[in-house]
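# sequence first, then the predicted structure, then my questions.
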Amino acid sequence: MLVRVGFLDDGSLLGGIYTAKVVNIVKSINAAFVDIGTGDYLYYPLDDNAGKHIYLKHGNTEKVCEGDEILVQVSMDPIKSKKGVVSSDITLKGDYLILNRSNEIGISKKITDEELRKKLIGELGCIKQKDMLGAIIRTAAESAEPGMVSEEAKNLTDLYDSIIKKASTSVCKKCIYAPNRNYISDIKDIILKNKYESFSVYTDLEDVYAELSEKIEKRYLYFYNDNMLSLDKLYSLEDKLKKGFNKYLYLKSGGTIVVEPTEAMTVIDVNTGKAIKGKNVQSTFLKINKEAATEIARVIRLRNLSGIIIIDFISMTDIEKVNELINHLRSQLGRDETMVKYVDITSLGLVELTRKKVSKPLTINMF
């Protein structure tokens, strides 16, 4: 089953740290637009970054002004006609920590052992000593070897200091730091979070194999070199892509799903299709709806759909069965690496979701 797809180099700016020039201040929305040298101006919300500006060149006022040079990190890629977003809240992602400029220490809610929580927080002394710096302790820290969290905290603070130092002597509109490419970060997260009972990475590209060899343990990595049968053919990737990105998705129960992206939102419709209703109509509807919910959660991740998502499930009159469906949908959405929020089910039976926008949605034409 195809759950996630992407590109080795998708052109994403996400996570990159740049020296930027302020080219415009728009008072009506209390925002600035900055140039980082990528050919388009990016949005810098002043309210969100109040008190956190990292000036590299600045006038004598307390406010951000046109012509100022600041250090920023890309927090959202440009999507269609929407500008990309940058922030002065620099974050550096490690295996066990995310370093940020919050001045606070947070910890994953999934780490429930109170003694362990106190111990992990206690290992972040080098971060607590730094003005403005904070961190979020990731779930993976729960299984970290002794001393690894404190070691990573020191490495991340050293990296942060080196970025600030490099930026202070750099020319404007230059990339100071680029994170791991997305596919590498995704693979590392899967391994660290132990998401699957078994996990392996196969590649037939020598440069990718060499790059991954430096990032993950060799026991997960395999180089495929069968000249008689390509990886594409072995796993029927082309066929799975076409089915995964099709407008119409067909369920084993006989039901169908229709996915319609629009400019404002994505609309998803669930139909009974060829499903046999049987004697207990409500139970049949619940079965189709739950199967559709599982498939919809997968498709949202696969296509990287974001923003407002409206789902029109098959109508059910039994409130208990409706609640069972919603609980099942929420559990499936919980597998998503990107934040998905269940909003409500309307009086018309339409389920409302929102998914955080961080990068471009995918279409079959991209492949």
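Looks like it arrived, so ask away.

# in stretch 120-130, what counts as buried?
By neighbour count on 16 or more other Cβ atoms under 10 Å, the buried set for stretch 120-130 is 120, 121, 123, 124, 126, 127. C-beta coordinates here come from the backbone N, C-alpha and C atoms, glycine included.

# the residues you listed in helices, which ones?
If you go by DSSP state H, the buried residues of stretch 120-130 have 120, 121, 126, 127 in helices.

# that older thread, JSON lines for the buried residues of stretch 120-130, including pLDDT and distance to residue 258?
Output for the buried residues of stretch 120-130, formatted as JSON lines (pLDDT from 0 to 100; distance: Cβ to Cβ, whole Å):
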{"residue": "120", "pLDDT": "95", "distance to residue 258": "46"}
{"residue": "121", "pLDDT": "94", "distance to residue 258": "48"}
{"residue": "123", "pLDDT": "93", "distance to residue 258": "50"}
{"residue": "124", "pLDDT": "94", "distance to residue 258": "49"}
{"residue": "126", "pLDDT": "91", "distance to residue 258": "53"}
{"residue": "127", "pLDDT": "93", "distance to residue 258": "49"}
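
# residue 140: which of those residues is nearest?
For the buried residues of stretch 120-130, the minimum distance to residue 140 (Cβ to Cβ) is 11.1 Å, reached by residue 120.

# just checking, what packs against the host helix or strand of residue 33?
For residue 33, the host element (DSSP states H and E) is strand 31-35. On a contact count with 3 or more Cβ pairs under 8 Å, 6 or more residues apart in numbering; DSSP states H and E, strand 31-35 meets strand 17-26, strand 41-45.

# check the offset of the longest one from the chain's centre.
Shown here is strand 17-26, whose average C-alpha point lies 25 Å from the average C-alpha point of the whole chain (Cα atoms, centre = their mean, to the nearest Å).

# output that strand as CSV, nothing but the C-alphas.
Extracted as CSV, the C-alpha positions of strand 17-26 are listed here (Å, rounded to 0.1, in the frame of the first residue of the first chain):
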residue,chain,number,x,y,z
ILE,A,17,18.1,29.6,7.3
TYR,A,18,18.9,32.8,5.2
THR,A,19,20.2,36.3,5.6
ALA,A,20,17.3,38.4,4.3
LYS,A,21,16.7,42.0,3.3
VAL,A,22,13.4,43.7,4.3
VAL,A,23,12.0,45.1,1.1
ASN,A,24,8.5,46.2,2.2
ILE,A,25,6.5,46.9,5.3
VAL,A,26,2.7,46.6,5.1
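
# hmm, who's touching it?
Outside strand 17-26, the residues that touch it by Cβ atoms under 8 Å, 6 or more residues apart in numbering are 31-37, 41-42, 44, 56, 64-74, 86, 90, 163, 167, 170-178.

# show me where the stretch 201-350 of the chain has helices.
206-213, 231-234, 237-244, 281-303, 319-333 (DSSP state H, counting those that start in this stretch).

# then the stretch 51-200 of the chain?
Remark: helices assigned in the stretch 51-200 of the chain by DSSP H, counting those that start in this stretch are 114-122, 125-128, 148-168, 182-192.

# surely residue 357 is in contact with residue 78?
No: if you go by Cβ atoms under 8 Å, residue 357 and residue 78 don't touch, sitting 10.7 Å apart.

# gap between the closest residue to residue 53 other than its chain neighbours and residue 45?
Nearest non-adjacent residue to residue 53, counting by Cβ to Cβ, 6 or more residues apart in numbering: residue 88, 5.4 Å away. Per Cβ to Cβ, to the nearest Å, residue 88 is found 10 Å from residue 45.

# neighbour count: the two, which is higher?
The neighbour comparison of residue 88 against residue 45 (other Cβ atoms under 10 Å) goes to residue 88, with 20 against 15.

# wait, that one sits on residue 70?
Yes: assessed by Cβ under 8 Å, residue 88 is found in contact with residue 70 at 6.7 Å.

# residues that sit against both of the two, list them.
The contact sets of residue 88 and residue 70 overlap at 44, 53, 54 (Cβ under 8 Å, 6+ apart).

# between those, which sits nearest residue 250?
Within the shared contacts of residue 88 and residue 70, the smallest distance to residue 250 is 45.3 Å, found for residue 44 (Cβ to Cβ).

# run through who's touching stretch 325-339.
186, 189, 286, 289-290, 293-294, 296-298, 300-301, 304, 306, 313, 316, 340, 342, 345, 351, 353, 355-356, 358.

# and it, what's buried?
325, 326, 328, 329, 332, 333, 336.

# okay, now the unreliable bits of the stretch 251-367 of the chain?
Residues of the stretch 251-367 of the chain meeting the criterion pLDDT under 70: 274-279.

# all strands for the stretch 51-200 of the chain, in order.
Using DSSP state E, counting those that start in this stretch, the strands of the stretch 51-200 of the chain run over 55-57, 69-76, 85-87, 92-93, 97-100, 105-107, 134-137, 174-177.
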